[in-house]
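**Q** Sequence and predicted structure are below.
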Amino acid sequence: MIFRRATEADIAAILPLMTRFNEEEAIAFTAEKGQRGLEQLFHNHGCGFMLVADDEGELSAYALVAFGFDIEFGGRDAFLAELFVREDQRGTGLGKSMLEVAEQSARDEGVHAIHLVVRNENERAKGLYVKAGYVADPRPLMTKSLD
């Protein structure tokens, strides 16, 4: 298994994984929206980065890290916007490895804090994040779509 930065050449392989992630999270998603977002990500490094777990040409997992900025954290921060492991790879430690690689890659990009959201009922994911040192912030995340 190789962990590497995704590129535009990976879009066709990533989109089915993203579709599955969004189905599991009950998030409205279209392949067109995913394609547009990935193209923007790959053409503008300032947005963030995506990592993939590549098993001899087959993608087993991905992590999407989106950059932000907050004085509270000393400058650049980021959201772990998505972390997905294929169903047949879950329970193998791949999620933990993807998270570690994402965190180190973020450090290498000058990120001082990573935020994430996780559904309350997703006990497996919450357990992974708690073991990795993530803590719940008392301030709830609020979102407004601008589309």
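**A** Thanks, I have the structure now.

**Q** From here on, just use CA atoms for contacts and neighbour counts.
**A** OK.

**Q** Strands of the chain, start to end?
**A** Listed from the start of the chain, the chain has strands (DSSP state E) covering 2-5, 48-55, 58-70, 75-85, 114-115.

**Q** Quick check: the gap between A136 and A26.
**A** Using C-alpha to C-alpha, to the nearest Å, one gets 22 Å for the distance from A136 to A26.

**Q** do H45 as well
**A** Counting by C-alpha to C-alpha, the gap between H45 and A26 amounts to 28 Å.

**Q** For N120, give me the backbone phi and psi.
**A** N120 adopts backbone torsions of phi -60, psi -40, taken as degrees, to the nearest 10.

**Q** All further residue positions should be reported with the first residue as 32.
**A** In the new count, where the first residue is 32, that last one comes out as N151.

**Q** What's the local residue count around the nearest residue in space to it that is not next to it in sequence?
**A** Using C-alpha to C-alpha, 6 or more residues apart in numbering and skipping the chain neighbours, the partner closest in space to N151 is K157 (7.7 Å). Residue neighbour count, defined by other C-alpha atoms under 10 Å, stands at 17 for K157.

**Q** Now do the same contact list for the residue nearest to G141 when sequence neighbours are not counted.
**A** Closest residue in space to G141, ignoring its immediate chain neighbours: R107 at 6.5 Å, by C-alpha to C-alpha, 6+ apart. R107 makes contact with F98, G99, F100, D101, G141, V142, H143, A144 under the criterion C-alpha atoms under 8 Å, 6 or more residues apart in numbering.

**Q** From these, pick the one nearest E39.
**A** Out of the contacts of R107, the one with the shortest distance to E39 is F98. That distance is 18.6 Å, counting by C-alpha to C-alpha.

**Q** and the gap between the residue lying closest to the closest one once chain neighbours are set aside and V148?
**A** Leaving out its chain neighbours, the residue that sits closest to F98 by C-alpha to C-alpha, 6+ apart is A109, at 4.3 Å. In this structure, A109 and V148 are 12 Å apart, going by C-alpha to C-alpha.

**Q** neighbour-wise, which of those two wins?
**A** Neighbour count, other C-alpha under 10 Å: between A109 and V148, A109 has more, with 22 against 13.
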